[in-house]
Structures are given as structure tokens and as C-alpha cells.
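**Q** missing the sequence, but the structure's below:
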Ligand SMILES: CC(C)(COP(=O)(O)OP(=O)(O)OC[C@H]1O[C@@H](n2cnc3c(N)ncnc32)[C@H](O)[C@@H]1OP(=O)(O)O)[C@@H](O)C(=O)NCCC(=O)NCCS
């Protein structure tokens, strides 16, 4: 391997899961996705930074991407998180990402949903379709009981998406996540398997 990862020299292996909708395909990331991922993340960098934890200085490098890929593979095997990329089915173009993070088993059986979409695909229902596929996977395949989500109070698009997906607003959490270097209040949402 050419990338500069120190410990993990082998190719990460993620399962061949692919969730197919009408307009999107949602699947785990592959090493061959790097150039598309780099292009779309870099094009959306300024916009996404305002909604995400602080980007590392190497956040767009292949080394970072491969470390992330290895972590996703480990998380998947260990049932800790399930991370996916979203593709426009017609064009086979990478358009976003959606993750089930912080899997909590035992009496909780829940996960936290995170997502982003390329600006050119925003406001057209692509994320809602990807969200429905991942929710179905979470409840039917992973047998989770609840999905949590949190968004900044002024993130209207995210709030609308969650409502569209059937989430209910459940509360408010002060200084909940450090976003772009600042502790920020969040609105909490939940979706329970019914
Ligand atoms: C949050 C985010 C993923 C929402 O994406 P989105 O594209 O607005 O979400 P949807 O897929 O639900 O699209 C909804 C819009 O598509 C429209 N739409 C068009 N065709 C549609 C269709 N066939 N089906 C459903 N909606 C459709 C809806 O009317 C709605 O339009 P509106 O925004 O003008 O009301 C996106 O804004 C984003 O990436 N933001 C930056 C990152 C971020 O905030 N992440 C979440 C942190 S909590």
C-alpha cells in the first residue's frame, strides 16, 4: 500500500452490503472511493465545517481517508458503528454520507444518526431516500430499537429531514457537541421502532 498509515498495512475489508432505493444506492466506503470522496468533501468543505466536528488539518488526504476506512471496518465487525456513502444511482456518483454511530446494545439497542449531502443534491429528496434505507437496515437487519439524532437549533434542513423521516423532537441538550471548535446546544430527536 502507498498510503502512509503506520500500523494498518492491509486492505480494510467492509461487507458487500448495498441498500438500493429508486434514486440512491447506499453502501460502505471502499478504498477506490478516495478520489471521488476527496473531490466532493473538498467542494463542500466550507459549508460542512459549520455542521461537523473540527476538521483535522489532513482531513482530505488519502492517509486520513484510509485511517477512517480501517476504523469503519473495525467498527462494523465490532458492532460499534455502520458508516455508509450515498450514490446517485443513475450517474453512479458519490453524493453524501450517512452513519449509524455509537451503537449501544444491552437494554438500550440504539444508535445515533449522522449525515451530509453534496450541495448540488441538496433539497431534492436524495437524503430522505437514503435515510429511509438506513433506518430500515437499522431496525430490520441490525435489530435496533431506537435511532437518536441531534442537530443545531438553526439547522432547518436537518430538522425538516428528521421530521420527514418520522423522528420526533424529544428535547434540548446544552453544549452537546463540539462543532467546528465550539460547544454548541443541540435539539434532540428520536425514532422508535413501531
Ligand atoms: C441536512 C441535509 C442532509 C438535508 O438534506 P436535504 O437534501 O434538504 O434533505 P431531503 O433529502 O429530505 O430533501 C428535502 C427537500 O427536497 C425536496 N424534494 C424534491 N423532490 C423530492 C422527493 N422526490 N422526495 C422528497 N423530497 C423531495 C423537498 O420538498 C425538500 O425541499 P425543501 O428543502 O425546499 O423543503 C443537508 O442540508 C446537509 O447535508 N446539510 C449539511 C450537513 C448537515 O447539516 N448535517 C446534519 C448535521 S445534524
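**A** Received it, and whenever you're ready, just let me know what you need. As the structure is a prediction and not an experimental result, all values here were calculated from the model. Residues are numbered from 1 along each chain as shown.
**Q** give me the nearest residue to the residue of the chain found nearest the ligand, chain neighbours excluded.
**A** Taking Cβ to the nearest ligand atom, the ligand has its nearest neighbour within the chain at residue 125, 2.5 Å off. For every residue, glycine as well, the C-beta is placed using N, CA and C. Sequence neighbours aside, residue 23 is the residue nearest to residue 125 in space, at 7.8 Å (criterion: Cβ to Cβ, 6 or more residues apart in numbering).
**Q** repeat that for residue 53.
**A** Per Cβ to Cβ, 6+ apart, closest to residue 53 is residue 178, 6.1 Å.
**Q** three-state assignment of the one you found?
**A** State at residue 178, reduced to three classes by DSSP: H, G, I helix; E, B strand; the rest coil: strand.
**Q** around the ligand, pick out the residues from this structure.
**A** 48, 51, 115-117, 122-128, 151, 155, 157-158, 160-161, 164 (Cβ under 6 Å from any ligand atom).
**Q** how about residue 113, what does it touch?
**A** Shown in contact with residue 113 (Cβ atoms under 8 Å, 6 or more residues apart in numbering): 98, 99, 100, 101, 131, 134, 147, 148, 149.
**Q** let's see it at 10 Å
**A** 98-102, 131, 134-135, 138, 147-151, 161-162, 165, 167, 189, 191 (Cβ atoms under 10 Å, 6 or more residues apart in numbering).
**Q** can you give me the strands in the chain?
**A** 19-20, 24-27, 82-88, 93-104, 110-117, 146-151, 168-179, 182-192 (DSSP state E).
**Q** ok now the second one, how far from the chain's centre?
**A** Looking back up the chat, that one is strand 24-27. 12 Å (Cα atoms, centre = their mean, to the nearest Å).
**Q** cool, the first one as well?
**A** Distance of strand 19-20 from the chain centroid (Cα atoms, centre = their mean) equals 15 Å.
**Q** helices and strands around it, which ones?
**A** Other elements packing on strand 19-20 under the criterion 3 or more Cβ pairs under 10 Å, 6 or more residues apart in numbering; DSSP states H and E are strand 24-27, strand 82-88, helix 126-136.
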